[in-house]
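Engineer: below is the structure, and that's it, no one-letter string:
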């Protein structure tokens with residue numbers, strides 16, 4: 001027999017009296033000693049050990065509920081975190097379609113295997129979807145998977161690359177027509193400057209083209225984001241497609257004092273004065289109006305509240321194109337303001353990158369604007385035309 005005894009020691013001065021609470025047990029039934037948890041190496045294939053370094057290890061972590069909890073303040077921030085709502089909605093729908101496809105095919109949806117992922121992408125290609133759409137579907141599904149169980153992408157991306165080449169030959173992407181300066185002036189000419197709707201649309205047209213705004217940037221402008229100076233309009237763009245972290249950036253729209261009707265400074269002043277008469281001094285710059293020119297009643301509990309959508313801005317621009325009797329007005333969108341402004345800057349020898357808040361070295365700017373402008377400026381027929389003019393001047 002063996003004596004096992006957790007002990008307690010009571011000290012009463014220099015001498016210590018040990019009080020033992022003991023029990024008798026059989027030697028063969030001694031309490032089990034917990035097995036030591038082996039240390040885990042803290043290394044992976046990227047670890048670099050210098051001469052003399054030991055292998056880094058760590059004991060197995062023992063998590064408690066505390067390790068998984070966040071504070072109420074943090075939870076509130078997580079609930080209110082900013083995220084692209086359209087992207088979230090699209091991803092949710094795309095993941096639902098993938099899950100339904102897996103169920104129909106008898107495959108596991110999450111986490112899926114690489115073979116399942118490849119087979120699904122091949123099916124999207126067989127449906128002749130646009131390559132960019134397929135790429136979005138791929139991203140939606142892969143980011144849905146656990147971090148350590150994502151499917152491989154090499155095979156799927158390889159198929160998509162080959163499909164993109166063939167698809168590009170058969171389908172040319174139709175882009176919104178660029179709104180030239182002449183087109184913009186014709187559209188502004190349709191604005192009744194004695195009516196709030198005319199003042200609003202004129203402001204949207206001139207600011208949108210001058211700042212090379214995306215339609216979402218126009219819709220998201222607040223009154224506080226707009227300053228009025230004699231020389232022009234400083235705009236604060238709080239968030240954009242290339243600024244998902246919402247660091248913000250200022251841009252500047254020069255004025256045109258010699259042409260008051262087409263002057264962005266005058267347009268903004270007139271619209272702000274109109275808003276002030278309506279009792280609006282803060283909040284969104286662009287507002288939804290009734291046909292009588294009064295503010296529309298908006299459900300402020302909705303996500304955008306008093307703020308209009310990018311689609312609404314599109315409708316305003318297209319409506320002005322229709323009223324101005326512009327050719328192919330039905331294809332004109334608010335994006336044409338951005339394209340037309342960038343195109344005119346490039347044709348004049350400038351670089352629209354910073355004005356339009358593209359990333360430095362943007363391939364889009366180079367291909368769509370800079371290269372196009374250079375190619376047209378160097379067109380050999382221009383030299384032929386110049387030679388003809390000189391010949392006519394000599395003959396006269």
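Structural biologist: Nice, I can see it. This structure is a prediction, so every number in the text was calculated from the model and none was measured.
Engineer: report how many residues lie close to residue 271.
Structural biologist: 25 (other CB atoms under 10 Å). Any C-beta I mention is one placed from the backbone N, CA and C, and that applies to glycine too.
Engineer: pull out the buried residues from the helix or strand hosting it.
Structural biologist: Element membership of residue 271 [criterion: DSSP states H and E] is helix 264-277. When burial is assessed from 16 or more other CB atoms under 10 Å, helix 264-277 yields the following buried residues: 264-268, 270-272, 274-275.
Engineer: tabulate those residues (CSV), appending pLDDT and distance to residue 220.
Structural biologist: Conversion of the buried residues of helix 264-277 to CSV gives the following (pLDDT from 0 to 100; distance: CB to CB, whole Å):
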residue, pLDDT, distance to residue 220
264, 97, 18
265, 97, 21
266, 97, 23
267, 97, 19
268, 97, 16
270, 97, 21
271, 97, 16
272, 97, 17
274, 97, 20
275, 96, 17
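Engineer: would a markdown table of those residues with distance to residue 339 be doable?
Structural biologist: Formatted as a markdown table, those follow (distance: CB to CB, whole Å):
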| residue | distance to residue 339 |
| --- | --- |
| 264 | 18 |
| 265 | 23 |
| 266 | 25 |
| 267 | 20 |
| 268 | 22 |
| 270 | 26 |
| 271 | 24 |
| 272 | 27 |
| 274 | 28 |
| 275 | 29 |
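Engineer: which of the residues you listed sits closest to residue 382?
Structural biologist: Each of the buried residues of helix 264-277 was scored against residue 382 by CB to CB, and residue 264 proved nearest at 31.9 Å.
Engineer: the closest one and residue 256 touch, don't they?
Structural biologist: Yes: the pair residue 264 and residue 256 passes the contact test of CB atoms under 8 Å, sitting 6.9 Å apart.
Engineer: and residue 353, how far from residue 175?
Structural biologist: When distances are taken as CB to CB, to the nearest Å, residue 353 and residue 175 turn out to be 19 Å apart.
Engineer: quick one: the helices in the stretch 1-150 of the chain?
Structural biologist: Applying DSSP state H, counting those that start in this stretch to the stretch 1-150 of the chain gives helices spanning 72-79, 85-105, 114-126, 131-142.
Engineer: using the three-state scheme, assign residue 253.
Structural biologist: Secondary structure assignment for residue 253 (DSSP: H, G, I helix; E, B strand; the rest coil): strand.
Engineer: show me what it bridges to in the sheet.
Structural biologist: Bridge pairing for residue 253 (DSSP bridges) gives the partners residue 233.
Engineer: and the buried residues of helix 264-277, which is closest to residue 368?
Structural biologist: Out of the buried residues of helix 264-277, the one with the shortest distance to residue 368 is residue 264. That distance is 23.8 Å, counting by CB to CB.
Engineer: residue contacts, that closest one?
Structural biologist: With contact set as CB atoms under 8 Å, 6 or more residues apart in numbering, residue 264 has these partners: 206-207, 210, 232-233, 253-256.
Engineer: now which of these would you call buried?
Structural biologist: Those of the contacts of residue 264 that meet the buried threshold are 206-207, 210, 232-233, 253, 255-256, by 16+ other CB under 10 Å.
Engineer: okay, those in JSON lines with pLDDT next?
Structural biologist: Supplementary listing: those in JSON lines, determined by pLDDT from 0 to 100:
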{"residue": "206", "pLDDT": "97"}
{"residue": "207", "pLDDT": "97"}
{"residue": "210", "pLDDT": "96"}
{"residue": "232", "pLDDT": "96"}
{"residue": "233", "pLDDT": "96"}
{"residue": "253", "pLDDT": "96"}
{"residue": "255", "pLDDT": "95"}
{"residue": "256", "pLDDT": "95"}
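Engineer: which pair in the residues you listed has the greatest spatial separation?
Structural biologist: So, the buried ones among the contacts of residue 264 by CB to CB: farthest apart are 207 and 256, at 12.4 Å.
Engineer: hmm, who's touching the following helix or strand past the helix holding residue 271?
Structural biologist: Later in the chain than helix 264-277, the nearest helix or strand by DSSP H and E is helix 310-323. For helix 310-323, the surrounding residues in contact (CB under 8 Å, 6+ apart) are 179, 183, 187-188, 190-191, 200-201, 204-205, 208, 214-216, 218-219, 286, 288, 329-330, 332-334, 336-337.
Engineer: in helix 310-323, what counts as buried?
Structural biologist: Within helix 310-323, the residues scored as buried using 16+ other CB under 10 Å are 310, 312-314, 316-321.
Engineer: ok, now stretch 198-206?
Structural biologist: If you call a residue buried by 16+ other CB under 10 Å, then stretch 198-206 has these buried ones: 198-206.
Engineer: likewise for stretch 336-355?
Structural biologist: Neighbour-count burial for stretch 336-355 flags 336-346, 351-353, 355 (criterion: 16+ other CB under 10 Å).
Engineer: which of those residues lies closest to residue 298?
Structural biologist: The shortest gap between residue 298 and any of those belongs to residue 337, at 24.7 Å (CB to CB).
Engineer: now the helix or strand encompassing residue 394: how far from the chain's centre is it?
Structural biologist: When elements are defined using DSSP H and E, residue 394 is found to belong to helix 380-395. Relative to its parent chain, helix 380-395 has a centroid offset of 49 Å by CA atoms, centre = their mean, to the nearest Å.
Engineer: over to stretch 253-268?
Structural biologist: The gap between where stretch 253-268 is centred and where its chain is centred comes out at 31 Å by CA atoms, centre = their mean.
Engineer: also stretch 200-215?
Structural biologist: Here the centre of mass of C-alpha atoms in stretch 200-215, compared against the chain's by CA atoms, centre = their mean, lies 20 Å away.
Engineer: thinking residue 202 is in contact with residue 191, fair?
Structural biologist: Yes: using CB under 8 Å, residue 202 and residue 191 qualify as a contacting pair, with a distance of 4.3 Å.
Engineer: the strand or helix carrying residue 205 vs helix 310-323, what angle?
Structural biologist: Mapping residue 205 onto the secondary structure by DSSP H and E places it in helix 196-210. The directions of helix 196-210 and helix 310-323 differ by 100 degrees, with axes from the mean of the first three to the mean of the last three CA atoms, to 10 degrees as the criterion.
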